[in-house]
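[1] What would the 3D arrangement of this be:
(4 chains)
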Number of protein chains: 2
Amino acid sequence: MAETATSPDPGLVDALRALSNPMRLQLLMWLREPERHFPLEEAIADPAEVGVCVSHIQARAGLAQSTVSAYMAELQRAGLVKATRVGKWTHYKRDEQRIAQLVAALGETL
Amino acid sequence: MAETATSPDPGLVDALRALSNPMRLQLLMWLREPERHFPLEEAIADPAEVGVCVSHIQARAGLAQSTVSAYMAELQRAGLVKATRVGKWTHYKRDEQRIAQLVAALGETL
DNA sequence: GGCTCACATCGAGGAATTCCGAAACATCGG
DNA sequence: CCGATGTTTCGGAATTCCTCGATGTGAGCC
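    Predicted coordinates:
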């Protein structure tokens, strides 16, 4: 306890860096309501449970597949999303707890 | 009204970009309590009113003076700080209202 | 085992960021 | 007006980011 808050938390900086790209921020926003932004009927698994697969995200984003893959990996490294592999499809879902915790940390330290 | 939140607010991205640099984040954190992090006795003006001058910020940061000046200008463009010139000293102060509003926006859109 | 599909990783080119020192600008004291 | 001091702006070098196409890897199908 007794934190004087001198230097910024590296994890916080990583998250801010990940979010500083408009498309990555957009991706995270789309994942707030998968059913609103992705073809639910084509889903191979329940979006509420495992999230959305890279193919669908890529189709929505309009970027190269490799770029979307790298962006999702970066969001995951920053702790903002969690990945689950179902068959050959990797699904990404927001880590709501971690995100809320990040916003709270910003409200305090920032 | 009736916002479905499709594309990210450019102002939000600008702020996140400004904060994605560890030193800029640090500068903003130091400005939370100027009296704790800067030599109050050498202050040319009231920190609570106008903030801290670039010289003191530069001394604390250990970066080149031109770099600190550019960083503060960037934080100002992002709307996170306000500048006030007192004589030959430019003072920077946090825009608490704008910052709180930013955190709130993150909590909603993010 | 081969083939295909979904995804990850690699390599690369162009753009942006990071940080500096030098020069220009502004302000005050004499 | 001159010089000194605080700050901004300019030009540049090293690094990182953005984004792509190509290649590698793993899972399912026949």
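
[2] which residues touch stretch A:12-30?
    Contacts of stretch A:12-30 with the rest of the structure, by C-beta atoms under 8 Å, 6 or more residues apart in numbering or on different chains, involve A:37-38, A:57, A:60-61, A:63, A:68, A:71-72, A:74-75, A:77-81, A:94, A:99, A:102, A:105-106, A:109, B:5, B:7-8, B:10, B:12-13, B:16-17, B:19-20, B:22, B:25, B:109-110. To be clear about C-beta, it is placed using only N, CA and C from the backbone, and glycine gets the same treatment.

[3] Dig out what the residue nearest to the spatial centre of chain A forms beta bridges with.
    Centroid-nearest residue in chain A: A:Val81, 3.8 Å away (criterion: C-alpha atoms, centre = their mean). Taking DSSP bridges, one obtains A:Arg94 as the residues bridged to A:Val81.

[4] Run through the strands of chain A in chain order.
    A:52-53, A:81-86, A:89-94 (DSSP state E).

[5] The ones you listed into CSV, with extra columns for mean pLDDT and distance to A:Glu33?
    Below are the strands of chain A laid out as CSV (pLDDT from 0 to 100; distance: least, C-beta to C-beta, whole Å):
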stretch, mean pLDDT, distance to A:Glu33
strand A:52-53, 97, 11
strand A:81-86, 97, 15
strand A:89-94, 98, 10
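
[6] Just name the most buried of the ones you listed.
    strand A:52-53 (a mean of 26; mean count of other C-beta atoms under 10 Å in any protein chain shown).

[7] ok so, going back, among the contacts of stretch A:12-30, which lie within helices?
    Under the assignment DSSP state H, the contacts of stretch A:12-30 contribute A:37, A:57, A:60-61, A:68, A:71-72, A:74-75, A:77, A:99, A:102, A:105-106, A:109, B:10, B:12-13, B:16-17, B:19, B:22, B:25, B:109 to helices.

[8] filter those to the buried ones?
    A:37, A:57, A:60-61, A:68, A:71-72, A:74-75, A:99, A:102, A:106, B:12-13, B:16-17, B:19, B:22, B:25 (16 or more other C-beta atoms under 10 Å in any protein chain shown).

[9] Now narrow those to whatever sits close to DNA strand C.
    A:Met72, B:Arg17 (C-beta under 7 Å from any atom of the strand).

[10] Whether stretch A:83-100 contacts DNA strand D - can you check?
    Yes: Stretch A:83-100 lies within reach of DNA strand D by C-beta under 7 Å from any atom of the strand, at A:Arg85, A:Gly87, A:Lys88.

[11] Nearest to DNA strand C, out of these: which one, please.
    A:Lys88 (4.1 Å; C-beta to the nearest atom of the strand).

[12] how close does the closest one sit to B:Arg77?
    45 Å (C-beta to C-beta, to the nearest Å).

[13] same deal with A:Gly11?
    26 Å.

[14] so what's the backbone phi/psi at A:Asp9?
    The phi/psi pair for A:Asp9 (degrees, to the nearest 10) reads phi -60, psi 130.

[15] Next, count neighbours for it.
    Residues lying near A:Asp9 (other C-beta atoms under 10 Å in any protein chain shown) number 14.

[16] Done for today, thanks.
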